[in-house]
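In: Here is my input; please provide its structure:
(one chain, ligands or ions: 1)
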Amino acid sequence: MSVHAHSRTERLDLADATLREWDATVLASDAEAGIVLDRSAFYPGGGGQPPDHGVLLWGGVQTRIVDTRWGDDLYLIPADGDPVPPAGTAVRGAVEDERRSSLMRTHSGLHLLAGVIFRDFGALVTGGNMEPGVARMDFNLPDIPADFKDRIAAACAIEVAADRAIRVDNMPVEQAMAIPDIIRTATNLLPPDLQVVRIVDIVGLDVQADGGTHVASTKQIGGMDVVKVENKGKANRRLRIRLTD
Ligand SMILES: [Zn+2]
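Out: So this is what the prediction gives:
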């Protein structure tokens, strides 16, 4: 089986984050349980990145997809009351571009932020969350200078302007674990039977084991503001970022 698969569904989103439309066949279908496709570019959520929205088109009918459920299969959840294509139907899938593209920029912005804070302050990520265009990330940072927020914002702007390549690679788990600081989230959450790890590399800045979708270079993140720095416990600082264009 391809490394880009969840059970019976080929994960087109992992092979190509720019893909927005594709052809597929319905393998299983239920208004409550959801729809299983043989091929899907819907990012199903995970690693802090929320699932895609979009539609399935079939015979002049539209099924809106509003969520995804992980289980024995990858289930696309239809909007309440929408018609559901029966098993065997050929469908055209489409991911809502505005939401996904914003999430790719936001997600990549969090990598850039984590890379800058590790490089300049040696601090590890302890948590995070994102919505399109806005995100927060927590760091183990007991002490910060008075100009911390401005320094981080300036350093992030420099890294965006530097237009560093963001590369995605699959590699054997042993090779991946040999990369220094590969698991920066401080806890090793990878399943023990994992054979291949997906590595996201902002070249020269940040390397992570990661399952999300990203833009191809840091300039594509665009304008990014550090909105706020909050105290979350003795050693934890929460940074809030926002895309500005
Ligand atoms: Zn990522």
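
In: Select the longest helix from the protein.
Out: Looking across the chain with DSSP state H, the single longest helix is helix 97-121.

In: what does the average pLDDT come to for that helix?
Out: On average, the pLDDT along helix 97-121 is 97.

In: helices or strands up against it?
Out: strand 125-131, strand 134-140, helix 148-161, strand 196-202, strand 206-209, strand 224-231, strand 236-243 (3 or more CB pairs under 8 Å, 6 or more residues apart in numbering; DSSP states H and E). Using the backbone N, CA and C atoms, a C-beta is placed for each residue, glycine as well.

In: What angle do strand 134-140 and that helix make with each other?
Out: Using axes from the mean of the first three to the mean of the last three CA atoms, to 10 degrees, the inter-axis angle of helix 97-121 relative to strand 134-140 is 20 degrees.

In: Taking helix 148-161 as reference, get the angle to helix 97-121.
Out: What separates the directions of helix 97-121 and helix 148-161 is an angle of 120 degrees, with the same axes, to 10 degrees.

In: got the buried residues for helix 97-121?
Out: 99-118, 121 (16 or more other CB atoms under 10 Å).

In: returning to that earlier point: arrange the helices and strands packed on helix 97-121 in JSON lines, one row each, with mean neighbour count and mean pLDDT as further columns.
Out: Listed next are these as JSON lines, based on neighbours: other CB atoms under 10 Å; pLDDT from 0 to 100:
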{"stretch": "strand 125-131", "mean neighbour count": "17", "mean pLDDT": "93"}
{"stretch": "strand 134-140", "mean neighbour count": "20", "mean pLDDT": "96"}
{"stretch": "helix 148-161", "mean neighbour count": "16", "mean pLDDT": "97"}
{"stretch": "strand 196-202", "mean neighbour count": "19", "mean pLDDT": "88"}
{"stretch": "strand 206-209", "mean neighbour count": "23", "mean pLDDT": "88"}
{"stretch": "strand 224-231", "mean neighbour count": "16", "mean pLDDT": "96"}
{"stretch": "strand 236-243", "mean neighbour count": "19", "mean pLDDT": "97"}
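
In: Out of those, which is closest to the ion?
Out: Nearest to the ion, of all those, is strand 196-202, at 4.9 Å by CB to the ion.

In: what's the closest one packed up against?
Out: For strand 196-202, the elements it packs on are helix 97-121, strand 166-172, helix 173-177, strand 206-209, judged by 3+ CB pairs under 8 Å, 6+ apart.

In: coming back round to it: got JSON lines for the helices and strands packed on helix 97-121, with distance to the ion too?
Out: Output for those, formatted as JSON lines (distance: least, CB to the ion, whole Å):
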{"stretch": "strand 125-131", "distance to the ion": "10"}
{"stretch": "strand 134-140", "distance to the ion": "11"}
{"stretch": "helix 148-161", "distance to the ion": "15"}
{"stretch": "strand 196-202", "distance to the ion": "5"}
{"stretch": "strand 206-209", "distance to the ion": "6"}
{"stretch": "strand 224-231", "distance to the ion": "15"}
{"stretch": "strand 236-243", "distance to the ion": "14"}
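
In: For residue 179, find the nearest of those.
Out: Closest approach to residue 179 among the helices and strands packed on helix 97-121 is made by strand 206-209 (5.5 Å; CB to CB).

In: What pairs with that closest one, parallel or antiparallel?
Out: strand 196-202 (antiparallel) (DSSP bridges).

In: what about residue 7, neighbour count?
Out: When neighbours are counted by other CB atoms under 10 Å, residue 7 registers 12.

In: got it, and residue 132?
Out: For residue 132, the count of nearby residues is 18 (other CB under 10 Å).

In: Quick check, it in contact with residue 97.
Out: No: Residue 132 is beyond contact range of residue 97, at 11.3 Å (criterion: CB atoms under 8 Å).

In: Pull the contacting residues for the spatially most central residue of the chain.
Out: The centroid of the chain falls nearest to residue 212 when counting by CA atoms, centre = their mean (2.9 Å). Taking CB atoms under 8 Å, 6 or more residues apart in numbering, we find residue 212 in contact with 43, 46-49, 107, 200.
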